[in-house]
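Peer 1: I'd like to go over a predicted model; first the sequence, then the structure.
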There are 2 protein chains.
Amino acid sequence: MIQSIAFVGGTHGNETSGIQLVKNWQKHGLPSRFDALNVSLHIANQAALEANVRFIEEDLNRQFTFERLSNDNTAKEAVLAKSLNEKFGPKGNSNTDFVIDIHNTTSEMGATLIILEADEFHVQLARFVKQQMPEANILVEDEKPYLEHGYLCTTGKKGAMIEVGGQPQGVLREDVYLLTQTMAEAILDFCVAYNNQKIETDALPACEAFRLGENVGFPLDENGARTAMIHHSLQDNDFKPLLPGSPMFRTFDGKDILWDGEKETYPHFINEAAYFKLDVAFATAQRITL
Amino acid sequence: MIQSIAFVGGTHGNETSGIQLVKNWQKHGLPSRFDALNVSLHIANQAALEANVRFIEEDLNRQFTFERLSNDNTAKEAVLAKSLNEKFGPKGNSNTDFVIDIHNTTSEMGATLIILEADEFHVQLARFVKQQMPEANILVEDEKPYLEHGYLCTTGKKGAMIEVGGQPQGVLREDVYLLTQTMAEAILDFCVAYNNQKIETDALPACEAFRLGENVGFPLDENGARTAMIHHSLQDNDFKPLLPGSPMFRTFDGKDILWDGEKETYPHFINEAAYFKLDVAFATAQRITL
């Protein structure tokens, strides 16, 4: 049973959709069909929200490893993470059955459900969400065990993220907001069905998903300055196949740099603003069936 | 004659198109057809660029009024403005014939040329740019005399801004970059023609332009919190007519708020991220012919 559910917005202070959804649900209440669920609503990083920045000192959504939660880092978000871990967790022995953390991206990723395990529960969740919301993307980041991730949502017994874009930081778009709300409600609908034992193994049709590969960096010169930008034929084409020999970058002196993988990949987080300083151009993925 | 031209990027440190264009021109040189022009290239706010923020303490592009340039404000951008005024100006008695300052917006404003006077020079400039680049928008902010504006470009004898979007802060999009480059080159082409006395009064066809009206704020509750978002039918429709009775906001409890002006207006800077803290939803404009 999924007894307790925590819905979190504002883990990144300039990602407005989750912040607004949490505030609106706090003000107007959740739809009544979720009355049987025990849902708590949270803004994770109020200081970052007020400053309209992703974080004040360090990325909050990288703080939730056992190592970081037990070290003596005094950065604002490191301290905040320890207190949130008390509230939602403690991680590994959690009081919360399911933590759902809501994010935005500047990439055209549409409504993406990010799961960190491809176990029975999360596969059924993904299939259910995809059935209710065929336009959703499912991203599987199971390259390491659930508890080794540093994400806030791993404070819960189960955790997942909603990632919706494209939306500039600090901007609230109606279309992106509505996608966020639709996916949030689909997840809660799943929890109701799951608790009512209406989700049976293999009753839901298998669905398309994408398994995270690796980050691809921008080309840099000897001084670390970028020499190219995302190619216009790749820009905004998140989760579309990038074929070997297709352009991925356009250099500033007008040449194309091609994807030289052995087979197609499914780029996402293409040109994400938050990865600006890391010079990450996009992440690769493999198309799978869940 | 337009003897000296200053091209400026990075007046806002997270508006990447102008920054990259200035860097690329510094590295690769300007197209040779501009050899007869004396063009200098500048990054205005290096500290803001490195921090990937609009500004460190205060908006640099509001510092260039006579009052602010002569006060004793010690904010980083106030100090920087005084030194830039020495370099490009001094305002009112300038050593630079034409200062062109390059900006980005998160709004879908395409390539917009902002002029601050509708005098002979700027009208011809606007007509020339529009002839070379029919997709360009011309925005006229002449609600007060040229020298009363606080914009960096007013340090020049003449000044104009290139404003291109939509592009999230801290992201470089190829399409937006190319629009920026095309408009920058069109302005330089105009300068060459002007210096060669090939621009004659009324030789260029009159063009469509938009005269700035006023800012429209988001609806707020008694605590100053927003109660609505930009309506999906207005979002991304910069410089398209908004007719009386058409929706402009969607409240979080699902109601539409309509434009109640007496006639149509031409919204722009719709949902601009930089105006987040000011709760500015968009600016109005009147359609005119230059």
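Peer 2: Perfect, thanks for sending it. Numbers count the residues shown, from 1 in each chain, chains lettered A, B, ... in the order given.
Peer 1: quick one: low-confidence ranges for chain A?
Peer 2: For chain A, the stretches with pLDDT under 70 are A:201-202.
Peer 1: and it, what are its domain boundaries?
Peer 2: A:4-206, A:213-289 (automatic domain parsing).
Peer 1: before we move on, what SS does the residue of the stretch 1-150 of chain A found nearest chain B have?
Peer 2: In the stretch 1-150 of chain A, the residue that lies nearest chain B is A:Thr106 (4.1 Å; Cβ to the nearest Cβ). Where C-beta positions appear, they are placed from N, C-alpha and C, glycine not excepted. Judged by DSSP: H, G, I helix; E, B strand; the rest coil, the three-state class of A:Thr106 is coil.
Peer 1: list the contacts of A:Thr105.
Peer 2: Neighbouring residues of A:Thr105 by Cβ atoms under 8 Å, 6 or more residues apart in numbering or on different chains: A:Glu163, A:Val164, A:Gly165, A:Gly166, A:Gln167, A:Phe269, A:Glu272, A:Ala274.
Peer 1: hang on, the second one packs against A:Thr182?
Peer 2: No: because the distance of 9.6 Å does not satisfy Cβ atoms under 8 Å, A:Val164 is recorded as not touching A:Thr182.
Peer 1: give me the more crowded residue out of those two.
Peer 2: A:Val164 (30 against 18; other Cβ atoms under 10 Å in any protein chain shown).
Peer 1: show me what that one is bridged to.
Peer 2: A:Asn104, A:Ala111 (DSSP bridges).
Peer 1: residues contacting it?
Peer 2: Contacts of A:Val164 by Cβ under 8 Å, 6+ apart are A:17, A:102-105, A:109-112, A:176, A:179-180, A:183.
Peer 1: of those residues, which is the most crowded?
Peer 2: A:Asn104 (30 neighbours).
Peer 1: pretty sure that residue contacts A:Gly165?
Peer 2: Yes: the criterion here is Cβ under 8 Å, and A:Asn104 meets it with A:Gly165 at 5.7 Å.
Peer 1: how close does A:Phe252 sit to B:Glu174?
Peer 2: To B:Glu174, A:Phe252 is 10 Å away according to Cβ to Cβ, to the nearest Å.
Peer 1: okay, and the common contacts of these two?
Peer 2: With contacts defined as Cβ under 8 Å, 6+ apart, the residues shared by A:Phe252 and B:Glu174 are A:Met229.
Peer 1: still on that earlier bit, overlap of the contact sets of A:Val164 and A:Thr182?
Peer 2: A:Ala111.
Peer 1: rewinding a little: who touches both of A:Asn104 and A:Gly165?
Peer 2: By Cβ under 8 Å, 6+ apart, A:Asn104 and A:Gly165 have these common neighbours: A:Val176.
Peer 1: hang on, the earlier thing: PyMOL command to pick out the buried ones of the contacts of A:Thr105?
Peer 2: Of those, the buried ones go into a single PyMOL selection, burial set by 16 or more other Cβ atoms under 10 Å in any protein chain shown:
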select buried, chain A and resi 163+164+165+166+167+269+272+274
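Peer 1: just say helix, strand or coil for A:Ala283.
Peer 2: A:Ala283 - assigned by three-state DSSP - is strand.
Peer 1: again but with A:Ile2, I slipped
Peer 2: Classified using three-state DSSP, A:Ile2 is coil.
Peer 1: check A:Gln124 too.
Peer 2: A:Gln124 - assigned by three-state DSSP - is helix.
Peer 1: same question for A:Ala47.
Peer 2: Applying three-state DSSP: A:Ala47 is helix.
Peer 1: then A:Leu212?
Peer 2: Applying three-state DSSP: A:Leu212 is strand.
Peer 1: now do A:Met248
Peer 2: Applying three-state DSSP: A:Met248 is strand.
Peer 1: contacting residues for it?
Peer 2: A:Val216, A:Ile230, A:His231, A:Leu234, A:Leu242, A:Ile257, A:Leu258, A:Trp259, A:Pro267, A:Ala281, A:Phe282.
Peer 1: show me these that map onto strands.
Peer 2: Among the contacts of A:Met248, the residues falling in strands (DSSP state E) are A:Val216, A:Ile230, A:Ile257, A:Leu258, A:Ala281, A:Phe282.
Peer 1: which of the residues you listed are buried, as a PyMOL select command?
Peer 2: To isolate the buried ones among the ones in strands among the contacts of A:Met248 in PyMOL, judged by 16+ other Cβ under 10 Å, type:
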select buried, chain A and resi 216+230+281+282
